[in-house]
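In: Kindly generate the corresponding structure for this input.
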Amino acid sequence: MIGGGQGAFIGAIHRKAAAMDGLIELSCGAFSTSADKSLASGRELGLPENRIYPDFKTMIEREKQLPASERIHFVSIVTPNFAHFEPAMLALENGFHVVIEKPMTFTLEEAKQLARKVKETGLLLCLTHTYAGYPMVKQARYMVARGDFGKIRKIYVAYPQGWLSELSEKEGNAQAAWRTDPSKSGKAGAMGDIGTHAAHLAEYISGQKIEKLSADIQTIVPGRLLDDDGAALLRFDGGASGVLVATQVAAGEENALHISVYGEKGGLSWHQMEPNSLEIKWQDKPNEIYRAGQGYLSEVALHNCRTPAGHPEGYIEAFANLYRNFALSLQAHLQGQKTDPALIEFPDVQDGVRGMAFIDNIIASGKSEQKWTTFTI
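Out: From the prediction side, this is the model:
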């Protein structure tokens, strides 16, 4: 692991998710830019001191020198956005597979470079778009692809949060500080942090790609350096139109991500804060509620369920599904075996490129006087 040391939120989530299925073992780490903090973090996690490194360059160099039976197979990068590209590229150059937090890089050009390196090396890269790991999101995607709703016409996706309703970055909130700092987060605030999740979810479930957008991007809280609120009208390459909202100043909201997708015959709705239910709506018959763990679900949805129906699964389990599918793919890769990519899929480097392109395009659209701007990569 690179990053995720003492006091870090997302590093602990990754470790719990990776360990859930017994397929992955944390073997070493460079957990902080402070060598002392990295050492203390590694000790807390029970690692031997010779596998706790002062920085990621030392870690990758020394791990590469170990016998194949001892060295790591992949790195998990859980640093802020600005510190994604360099360790990811170094890992790939030295033969290590990569799991990486989103957004994948600091700039679109860096994302394209990683994509080229993944193609060149044939190594695997998993981008942790958490919400793609939920069983009922996979069920929704399956039903859309199967044509249950006919041609998809309309997509609504919104991600309201309220945690940045005040200038928390000036009040000692470390998570707020780096996410609202252009030197660490990049050119986007809310749109980079949660807007990319909403855009990925819309494309993931619908099977269509954003091709045009018309955005309104705002910074609501005085003194903030990046956007904390925004919305966009969307046009998709399959003919659907859509609306995307991402805001971190919806006071009182937690992580209320929700999506509705409508076709010719009916539609669906999924809410992240009630993740085990999928509402199906029909034009000519009563609505239905699909529930996680039930035998009537698709094979891919059931593959991503762990417990019998009625036992709640949530955020960490969705994260764990990404890690498990990545681990199963990596095992097959190492053994020269073929896999069913539809069953054990996970967001990859191309999703990362589209995420960075989304940031570039939506910020540019927000600054443009044109009604519609073309989504370019």
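In: Residue ranges of each domain in the chain, please.
Out: Following automatic domain parsing, the chain resolves into domains at 9-123, 134-308+349-367.
In: Okay, helices next: where are they in the stretch 201-350 of the chain?
Out: Taking DSSP state H, counting those that start in this stretch as the criterion, the stretch 201-350 of the chain contains helices spanning 299-303, 315-334, 349-367.
In: buried set for the shortest one?
Out: Of the residues in helix 299-303, those with enough neighbours to count as buried (16 or more other CB atoms under 10 Å) are 300-303. Heads up, the C-betas are built off the backbone N, CA and C, glycines and all.
In: For the residue of the chain most remote from its centre, give me its contacts.
Out: Each residue of the chain has a distance to the centre, and by CA atoms, centre = their mean the biggest one is for residue 284: 35.8 Å. Contacts for residue 284 (CB atoms under 8 Å, 6 or more residues apart in numbering) come out as residue 265.
In: just to revisit the earlier point, and the domains of the chain: which comes nearest residue 334?
Out: The closest of the domains of the chain to residue 334 is domain 9-123. By CB to CB, the value is 7.2 Å.
In: Do a quick rundown of the helices in the stretch 51-200 of the chain.
Out: Counting by DSSP H, counting those that start in this stretch, the helices of the stretch 51-200 of the chain are 56-65, 85-93, 108-121, 135-146, 174-179, 182-185, 190, 196-206.
In: list the helices and strands the longest one packs on?
Out: Pointing back at helix 108-121 there. Applying 3 or more CB pairs under 8 Å, 6 or more residues apart in numbering; DSSP states H and E, we find helix 108-121 packed against helix 85-93, helix 349-367.
In: Off-centre distance for that helix?
Out: The chain centroid and the centroid of helix 108-121 are separated by 18 Å under CA atoms, centre = their mean, to the nearest Å.
In: Put together TSV for the helices and strands packed on helix 108-121, with mean pLDDT, mean neighbour count and distance to residue 179 on each row.
Out: Formatted as TSV, the helices and strands packed on helix 108-121 follow (pLDDT from 0 to 100; neighbours: other CB atoms under 10 Å; distance: least, CB to CB, whole Å):
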stretch	mean pLDDT	mean neighbour count	distance to residue 179
helix 85-93	98	21	18
helix 349-367	98	22	13
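In: Which of those helices sits closest to residue 103?
Out: Proximity to residue 103 (CB to CB) singles out helix 349-367 among the helices and strands packed on helix 108-121, at 5.2 Å.
In: what's near enough to touch the residue lying closest to residue 309 once chain neighbours are set aside?
Out: Once flanking residues are discounted, residue 309 sits nearest to residue 293: 3.4 Å by CB to CB, 6 or more residues apart in numbering. Each residue near residue 293 by CB under 8 Å, 6+ apart is listed here: 135, 276, 302, 305, 307-311.
In: at 6 Å what do you get?
Out: Listed by CB atoms under 6 Å, 6 or more residues apart in numbering, the contact partners of residue 293 are 305, 308-309.
In: distance of the nearest residue to residue 51 once chain neighbours are set aside from residue 6?
Out: Nearest residue to residue 51 in three dimensions, chain neighbours excluded: residue 28, at 3.8 Å (CB to CB, 6+ apart). When distance is defined by CB to CB, to the nearest Å, residue 28 is 17 Å away from residue 6.
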